[in-house]
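Visitor: Quick one, fold the following:
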Amino acid sequence: MSKKAYNTIQDFLNDESFKNWALDSRLSDVSFWNRWLQNNPSKKSIAYEAKDIIIGINFKQSTVSKNKVDLEWTKLSTKLKEIKSKEQKTKIPQKKSLKYTIAISAILLISFISYTYFQSSLITHQTAYGEVLELKLKDGTLVTLNSNSSISYNQNNPRKVELKGEAYFDVNKKETTNAKFWVYTSDLTVEVYGTQFNVKTSNEKTNVYLEEGKIFLSFDDGNYKQMEPGNYIEYSSEDQKIIVDKERVSNEEQTSWKNGTLIFDHTTLAEALQKVSDTYGVFFEYETPEIKEILITGTVPTTNLEICLNAIKKSINVDIKKENSILVVSKN
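Guide: Sure, this is the predicted structure:
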């Protein structure tokens, strides 16, 4: 094994001992390749690319339940009967009728197979209110998922992720293939090679903060924008335009939620409590409209709702009381 040259992904894929290491199936091969990688650090990237391919080829298929298959097949049969009934009413010539039925049957069957395959290979991670989840995708990308959020991707391609809610991405750059990584929201698409950034999507608006590297945004109105480190963008799909574009924003303020805190810097109380609402799923009402505009500066913990609200109450001298299922904010 040690006399071979491993310069391409295919060189690794053709080696049975390497496959055993990738699948962790033979102790002697695992030991050998662990030592080999330590002695050949320049080959680590391409070796792990090959490992990703092997793991992807050998993933365990999740199956669709028999009841689901039977249900979809019943739908298909019913559709075919409807087609046949319409043909008889319109008196389509027999040969054309047969070709038409076969063509429609093939389309419906392909659609059914595609649907069942997609459902079986889709992976979704979701968090509850007050929960933060750290994930490592198959390509090595690290994702921190904020509360009441979810990411979904096909297990064969974890570099195309659909996001609902908020997440921080530390994308693993693929040096050998230069493969891109995409994050899709309802408003825009984030396109990167390897970098660190935060994305939050809610209420027909998506916020993107870039901590390092470069990313490209593709908006649903057809426009594009390149972001530089420290850049913060808010895009509204309702207005179809960028509503906030700041060049230098503190990373602590945008990503502190990962460490269980919220940092406010001359933030209105309404904006601050909206972040609390996003975290815990609670709803606020204000005794007077003026209270919403009170500015708050400081750091509050999010590990516990009661502690979080007490910190806000003390910092700006307001009262927050629960009335039925609503938290009512008033001046002291």
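
Visitor: now stretch 237-249: mean pLDDT?
Guide: The predicted model gives stretch 237-249 an average pLDDT of 89.

Visitor: Same question for stretch 44-54.
Guide: The average pLDDT for stretch 44-54 rounds to 77.

Visitor: just stretch 149-167 next, same as before
Guide: Taken as a whole, stretch 149-167 has a mean pLDDT of 93.

Visitor: ditto for stretch 19-33
Guide: Along stretch 19-33, the predicted confidence averages to a pLDDT of 80.

Visitor: what's the offset of it from the middle of its chain?
Guide: Taking the mean of its C-alpha atoms, stretch 19-33 sits 32 Å from the chain's own mean (C-alpha atoms, centre = their mean, to the nearest Å).

Visitor: and what of stretch 243-261?
Guide: Mean C-alpha position of stretch 243-261 versus that of the full chain (C-alpha atoms, centre = their mean) differs by 19 Å.

Visitor: outside of it, which residues touch it?
Guide: 132, 144, 146, 166, 168, 198, 205, 207, 209, 211, 228, 230-236, 262-265, 275, 279, 299-303 (C-beta atoms under 8 Å, 6 or more residues apart in numbering). From N, CA and C alone the C-beta is placed, and that goes for glycine too.

Visitor: Take those residues and keep only those in strands.
Guide: Among those, the members falling in strands are 144, 166, 168, 198, 205, 207, 209, 211, 232-236, 262-265, 299-301 (criterion: DSSP state E).

Visitor: Make a ChimeraX selection of the buried ones in these.
Guide: Remark: buried members of the ones in strands among the contacts of stretch 243-261, expressed as a ChimeraX selection using 16 or more other C-beta atoms under 10 Å:
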select :144,166,168,198,205,207,209,211,232,233,234,235,236,262,263,264,300
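
Visitor: what about stretch 247-261, how long is it end to end?
Guide: End-to-end distance of stretch 247-261: 23 Å, with C-alpha to C-alpha, to the nearest Å as the criterion.

Visitor: What residues of it count as buried?
Guide: Within stretch 247-261, the residues that qualify as buried are 249, 251, 253, 254, 255, 256, 257, counting by 16+ other C-beta under 10 Å.

Visitor: go on, stretch 17-28?
Guide: The neighbour-count criterion (16+ other C-beta under 10 Å) identifies 17, 18, 19, 20, 21, 22 as the buried residues of stretch 17-28.

Visitor: Give me the subset of the buried residues of stretch 247-261 lying in helices.
Guide: Secondary structure of the buried residues of stretch 247-261 is defined by DSSP state H; positions in helices are 251, 253, 254, 255.

Visitor: how about JSON lines for the residues you listed, with distance to residue 136 added?
Guide: Putting those into JSON lines (distance: C-beta to C-beta, whole Å) gives the following:
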{"residue": "251", "distance to residue 136": "21"}
{"residue": "253", "distance to residue 136": "26"}
{"residue": "254", "distance to residue 136": "22"}
{"residue": "255", "distance to residue 136": "18"}
